[in-house]
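Asker: I would like to see how this sequence folds:
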Amino acid sequence: MEANMPRRRRWNRLGNFLFAPLTMTTLKQPSFEEIQDLVADRERKTQYVSADDHKISPDGVLSYGAAAGARLTRYGFSSYMNILDVPMRFIEEESAFRPDLAARIVNARANNRRGRGLKFVMYDNKVVGIVSEKYAVLSNQGIISVMPDLLERHPMRPSSFSMEGVRMRGRFVDKNVVKVRGDDPHHTGVDFVNSMEGYNAFKTSAYVLRLVCTNGVVSSVKTHIGRIVHRGDTDDIIKRAAACIETSFIASGSMISTIDKAAHYVLSDTSMRDIGRGIAERFSMVLANKSLSNARAEAPVTGVTAFDIANGLTSQAHEQDSMDRAREMESYAFDIMRRAAKAA
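Answerer: Numbering: from 1, shown residues only. Next up is the predicted model:
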């Protein structure tokens, strides 16, 4: 089943520059064929065009060249300004009151960088990023192409798959269920992300997925395993990406013992306050209070454990409108349990 989840409309403009919106598409419990179709459809709509000979209008629309008529997304705009060495704060102030001047300054900087091999990354007639000639495109389709071999050698199945423009995030879990603290079902698995517009490197994480309640809501914890930058031979990068995915899936099995120890280690009131303070400093006081409240609600009669607090935090990760923030919350949750397991 496919669900389109629009991002919150924060940052939809900067001064007079209006950004093109992107919608995140999420597949829940997809078949591998559904993933292939989604990735193939996105790549058909993606192209790399020269960034030379373009001008930007006072409201942010490109003219001339192959990207004529396109509008930039927020990331596309910020990466463009970064390459042109134009401060975003300056553009925000100038374009709000003197949009014609702001556009002229941007176009003058762009003219000075002609002939340097810069390319706009176009998706669905939107500029989602800008990359240099040194950037090796690690296509999402290339990564997905290695999965059939991995699925034959390991008991994995797709759990969820998300795409936002040309960025993807895939989750594959072990078909076998592992029980923690009695009868609490968990799936081990691998989480990987990639982008084709320069936003981030290819990354993999080992993670453990837990059923939170009977309506199918899940939470997960993870630890980062591999990172591959988009440089060098593309075929070699794809082989290394496949090795990272396999290593992460194998490593996820070893996370269970850490989680089981954390699930049996009852925290003192002082330890709970310290963990809550850490969550508040890293994320927000609201998330810290919700995490502790959820932990107390589902903790066993023996007392609250790091396992309960971690699940209280990660159960909120799926509500985040940012992939990066959700991943950070899940990684931090596993660190909470890892520290508790060492203390046990």
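Asker: quick one, helices of the protein?
Answerer: Taking DSSP state H as the test, the helices found in the chain are 32-44, 74-84, 88-97, 99-112, 140-145, 147-153, 234-264, 269-282, 285-298, 306-314, 323-343.
Asker: mind listing what's buried in the first one?
Answerer: Residues of helix 32-44 classed as buried by neighbour count (16 or more other CB atoms under 10 Å): Phe32, Ile35, Gln36, Leu38, Val39, Arg42, Glu43. No exception for glycine: its C-beta is placed from N, CA and C like everyone else's.
Asker: Need the residues you listed in TSV (columns: pLDDT and distance to Asp269).
Answerer: As requested, these are exported to TSV (pLDDT from 0 to 100; distance: CB to CB, whole Å):
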residue	pLDDT	distance to Asp269
Phe32	95	48
Ile35	96	46
Gln36	96	51
Leu38	96	48
Val39	96	49
Arg42	95	50
Glu43	94	53
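Asker: mind putting these in TSV, distance to Met329 included?
Answerer: Putting the buried residues of helix 32-44 into TSV (distance: CB to CB, whole Å) gives the following:
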residue	distance to Met329
Phe32	28
Ile35	24
Gln36	29
Leu38	25
Val39	26
Arg42	26
Glu43	30
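Asker: Which one of the residues you listed is nearest to Arg71?
Answerer: Arg42 (18.4 Å; CB to CB).
Asker: dump the residue contacts of the closest one.
Answerer: Tyr123, Asn140, Met163, Gly165, Val166, Met168 (CB atoms under 8 Å, 6 or more residues apart in numbering).
Asker: on that earlier part again, going by distance to Thr23, which of the buried residues of helix 32-44 wins?
Answerer: Using CB to CB, the buried residues of helix 32-44 come closest to Thr23 at Arg42, 11.8 Å.
Asker: now the closest one: how far from Thr25?
Answerer: Taking CB to CB, to the nearest Å as the measure, Arg42 falls 9 Å from Thr25.
Asker: Need the overlap of contacts for the two.
Answerer: Common neighbours of Arg42 and Thr25, using CB under 8 Å, 6+ apart, are Met163.
Asker: hang on, the earlier thing: quick one: closest of the helices of the chain to Asn194.
Answerer: helix 140-145 (5.7 Å).
Asker: could you say what helices and strands the closest one packs with?
Answerer: Contact here means 3 or more CB pairs under 8 Å, 6 or more residues apart in numbering; DSSP states H and E; on that basis helix 140-145 packs against helix 32-44, strand 167-174, strand 184-194, helix 234-264.
Asker: wait, doesn't Asp59 sit right on Leu18?
Answerer: Yes. Asp59 is within contact range of Leu18, at 5.6 Å (criterion: CB atoms under 8 Å).
Asker: Tell me where the model's unsure across the stretch 101-250 of the chain.
Answerer: 182, 210-222 (pLDDT under 70).
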